[in-house]
Every structure is written in structure tokens, then in C-alpha cells.
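J.: sequence and predicted structure below; questions after.
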Amino acid sequence: MNRSKAYAAWQAKARGLRKSICVAELVLVAAFYPDDMTVDVIPLVMDKQADDFVEKSPLLKIPVLLLGSLEVPVKPWYQEGDIGLVVYLDQDSDNVLMSGSSSEPQTTGYHTGEHGIFIGTILSGGKALQIPDTHDKKAVCAGMPGHYVAITEDEISIKTDKKIKIEGEVRIEGALFVNGASVPGLS
């Protein structure tokens, strides 16, 4: 084999290895499982095979990244059709995810498509969030458009057309206003 054929073979092998490395990809949420915080997703960027582009296989039961901590979690709520991002871990992480402690990997693969974490939704397709219309409010959505808790330096506001249920004791210190009118005895 001459040098140019050997070099071409080496380049083809290198291209094949690069294609097998998974780092991150945009996906469409097909199903969300809130009980175990996993999603089924469909990769959106097609794969090149020979002269055609083909859709990639769905990824099932991908763990979802939670926000906050276990003591004060912010549990995201995804729905079918959300566009998000899957990040692939360096090595097999199944043992770590099951035990919650340092563990050896079960396989020797690096950056394979089998070890991903879904890290959240990305706005795409011209969609916009339906949360506060002022830039000084920072809001946490409750999983449905038009419903949120917004926090500013001056107030915490809740927007919803649903009922608000509070379980437990409610204490109000200071003034209470209902439809702009002060409730006597509290001011």
C-alpha cells in the first residue's frame, strides 16, 4: 500500500471515530415521566449515511437535570414537543446514578449516545415564553403558559386564572388588600 492510500485509510478511520463521539444534541421531547424524572426524546439533527440523511433513533428514559438542590428543588415540567438539549457524559454513569456515590463504569465506552442527561428546554421555532412582560421580573413558570410566580425587589406576584390552594396555617403580618380595598383590622 502506498503512502496516499494509507493516509486516506487513516483519515477515513479518524472520521469514523469522530462520528461515534457524542457530546450534545438538540432533541424533541416525545414523553416526560415526572415520577422518575426521565424523558424519551427524538434527536432532531439528522445523521448522514452514504448520500442521504436519515433520522436518528429515539433515546428512551434519559435522566432529567433538576435545578436547585435536594433540599430546595425546582422540579421542571416538560411536555411533548419541547425542544431541549441532551449532553453526553464522558463515561458510563449508570452505577453512579443508581448508587449516588463513586462507582466504576459498567462499560468502557467514551461519549457514547447511551449516557446522556437532558438538561432543559430551549426556545426555538419563534416560540416565546408567556411570563411577565417586564424585564425587571424574574419568573418561575408552573408548567402551563400564563401561570407563574414572579419575583422583583418590590414584590412576589402570582399570576393564574386557576384556584390557589394553601394547605396549613396562613399568617399575614401587615396590610391585606382585596381588589384594591384594605381589609380592616390588619393595617
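T.: That came in fine, so what should we check first? Numbering: from 1, shown residues only.

J.: for this protein, give me the ranges with low pLDDT.
T.: Applying pLDDT under 70 to the chain flags the ranges 1-2, 15-20, 91-100, 103-113, 128-146, 186-187.

J.: and the helices in it?
T.: For the chain, the helices defined by DSSP state H cover 3-20, 94-99.

J.: any idea what residue 27 is bridged to?
T.: residue 43, residue 84 (DSSP bridges).

J.: distance of it relative to residue 77?
T.: Distance, residue 27 to residue 77, using CB to CB, to the nearest Å: 17 Å. Any C-beta I mention is one placed from the backbone N, CA and C, and that applies to glycine too.

J.: number of nearby residues for the closest residue to residue 87 other than its chain neighbours?
T.: Of all residues not flanking residue 87 in the chain, residue 24 sits nearest, at 4.7 Å (CB to CB, 6 or more residues apart in numbering). For residue 24, the neighbour count with other CB atoms under 10 Å is 13.

J.: surely residue 88 is in contact with residue 27?
T.: No: applying CB atoms under 8 Å as the test, residue 88 and residue 27 come out as separate, 11.5 Å apart.

J.: so between those two, which is more surrounded?
T.: Between residue 88 and residue 27, counted using other CB under 10 Å, the more crowded position is residue 27 (25 against 19).

J.: surely the more buried one touches residue 56?
T.: No: contact criterion CB under 8 Å: residue 27 and residue 56 do not qualify, at 9.2 Å.

J.: intersection of neighbour lists for the two?
T.: Jointly contacting residue 27 and residue 56 under the rule CB atoms under 8 Å, 6 or more residues apart in numbering are 42, 43.

J.: all strands of the protein, in order?
T.: For the chain, the strands defined by DSSP state E cover 24-33, 38-43, 47-49, 52-54, 59-63, 67-68, 73-74, 83-88, 116-121, 138-141, 148-151, 156-159, 177-178, 181-182.

J.: now the nearest residue to residue 22 once chain neighbours are set aside: how far from residue 148?
T.: Distances taken as CB to CB, 6+ apart place residue 88 nearest to residue 22, at 4.1 Å, with adjacent residues excluded. Residue 88 sits 32 Å away from residue 148, going by CB to CB.

J.: which residue is the nearest non-sequential neighbour of the residue nearest the centre of the chain?
T.: The centroid of the chain falls nearest to residue 120 when counting by CA atoms, centre = their mean (1.7 Å). The spatially closest residue to residue 120, leaving aside those adjacent along the chain, is residue 84, at 5.6 Å (CB to CB, 6+ apart).
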